[in-house]
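Peer 1: sequence first, predicted coordinates after that:
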There are 2 protein chains.
Amino acid sequence: MPLVPAPQTPDRPLRADARRNRDRILDAARLAFAEQGLDVANEEIARRAGVGAGTLYRRFPTKQALINALFEQRLDELEPVFRRALAADDGWAGLVDLLQAAVALSARDQGFLETLAYELGPEVPAHLFDRLFGPMAELLARAQAAGDARPDLVPDDLPVLLHMAGRSTGRRLDGRAMGPEEWPRYVGMLLDGLRAC
Amino acid sequence: MPLVPAPQTPDRPLRADARRNRDRILDAARLAFAEQGLDVANEEIARRAGVGAGTLYRRFPTKQALINALFEQRLDELEPVFRRALAADDGWAGLVDLLQAAVALSARDQGFLETLAYELGPEVPAHLFDRLFGPMAELLARAQAAGDARPDLVPDDLPVLLHMAGRSTGRRLDGRAMGPEEWPRYVGMLLDGLRAC
DNA sequence: TCTCATGTGGAGGGGTTCCTCCACTTCACT
DNA sequence: AGTGAAGTGGAGGAACCCCTCCACATGAGA
């Protein structure tokens, strides 16, 4: 018989109130990050979720843990797009689909945009990025095989290109917001440069 | 005779020591911003310049004033490129020249890159941006007249496109820095998308 | 119902940053 | 050399921000 009580199983289900609070934190953080970007104060998130700062930190020991959890949620949302794009025959069309879906999400969610920015990248576990860039790489290979994409493109180019495309969303110099009917034109121009000539 | 002493002329020349300190602040700030980006602490800049925080604030009442002064210096450096590009016949080549020069500067100088990012834009006086985008707009018009650039491009597109191009510099997802022999390829792809088909 | 492991809120510790203030020093002009 | 305006440094105020701690509350199994 052990002298110390058995360590609690790491994935023991949360108590009902704790689970509820966890969900409220995620919802509040998602909204706050989407509106204002990742450097919202944690206390603001706790306030909007209606919990104390202590509760937030019990559930997400660091801010990065919260960001990663939200990033995973966003990838779950993109899952249908992944499947649709991979199921179709046309690799190029699928790649365009996926890129535009990711940029559209960035346009709606400042936090997602900033998580994708490589300046913040090293903090996010690589396997999360792989969920996004794995399918893209597969589609790129198919598009190249079909002669639709530039042959010199390699999978490592995709994060850079997505980052560039993402920057077409956001505010203009004069402070005017970029409308959802404006940025696809810029992404289209970049895609034109990626197409095989 | 006025009861109060005449207000000092606003552009009275600085005392020799003050002028020297101002220059040292600008040099230190340029280096610090270039290396680490705009959110270096002012105290760090003062330390590197060998002056006190008070001196820094006497010369540049806000951090933004310092950033604007440095941005103007960078535009002065680009002046020869402006002139060369505008003097040549080929509008498209000049536009490419200018864009690449600006991105090259962004690659070397994190502070310049961040100043160009429109998230920070509204703080910088519009006339400074005009110095950069005015020549670009002129070259775009010439390139379009020659049938080299997409006819649907308008001057307002240029800041967005420069911002996208600038994001090809910087770190990759795995933390590896983007070498000066790597980013021109990405800028080239974007430019391919801007060329008239 | 009773019990206690689990969960909670929010004050506050420790850190950072921007900027102000003012007693003191230095320059430039006579 | 003397004088006053201009300039200086650096302590510290005010506002943040991330995160910890612990007295107290509460859910859930017995």
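Peer 2: Okay, I see it.

Peer 1: got a list of what the spatially closest residue to residue A:138 that is not a sequence neighbour touches?
Peer 2: Once flanking residues are discounted, residue A:138 sits nearest to residue A:86: 6.6 Å by Cβ to Cβ, 6 or more residues apart in numbering or on different chains. C-beta: built from backbone N, CA, C; applies to glycine. Applying Cβ atoms under 8 Å, 6 or more residues apart in numbering or on different chains to residue A:86 gives the contacts A:94, A:135, A:138, A:139.

Peer 1: which parts of the biggest helix by length in chain A are buried?
Peer 2: In chain A, assigned by DSSP state H, the helix with the most residues is helix A:63-87. Using 16 or more other Cβ atoms under 10 Å in any protein chain shown as the test for burial, helix A:63-87 gives A:63, A:66-71, A:74-75, A:78, A:81-82, A:85.

Peer 1: returning to what we had before: and the residue nearest to residue A:138, how far from residue A:135?
Peer 2: Residue A:86 sits 6 Å away from residue A:135, going by Cβ to Cβ, to the nearest Å.

Peer 1: for residue A:40, helix, strand, or coil?
Peer 2: In three-state terms, and counting by DSSP: H, G, I helix; E, B strand; the rest coil, residue A:40 is coil.

Peer 1: and it, backbone torsions?
Peer 2: Dihedral angles of residue A:40 (phi, psi; degrees, to the nearest 10) stand at phi -70, psi 140.

Peer 1: please apply the same query to residue A:151.
Peer 2: phi -70, psi -20.

Peer 1: which non-adjacent residue is nearest whichever residue of chain A sits closest to chain B?
Peer 2: Going by Cβ to the nearest Cβ, chain B is nearest to residue A:193 of chain A, at 3.3 Å. Once flanking residues are discounted, residue A:193 sits nearest to residue B:193: 3.3 Å by Cβ to Cβ, 6+ apart.

Peer 1: just send the buried residues of helix A:63-87 back as TSV, with distance to residue B:106 and pLDDT too.
Peer 2: Below are the buried residues of helix A:63-87 laid out as TSV (distance: Cβ to Cβ, whole Å; pLDDT from 0 to 100):
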residue	distance to residue B:106	pLDDT
A:63	28	91
A:66	31	95
A:67	26	93
A:68	29	93
A:69	33	95
A:70	29	96
A:71	27	95
A:74	28	96
A:75	30	96
A:78	30	96
A:81	32	96
A:82	33	95
A:85	32	95
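
Peer 1: same list (these) but as TSV, adding distance to residue A:165.
Peer 2: TSV is the format used below for the buried residues of helix A:63-87 (distance: Cβ to Cβ, whole Å):
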residue	distance to residue A:165
A:63	26
A:66	26
A:67	21
A:68	23
A:69	25
A:70	21
A:71	18
A:74	16
A:75	17
A:78	15
A:81	15
A:82	17
A:85	16
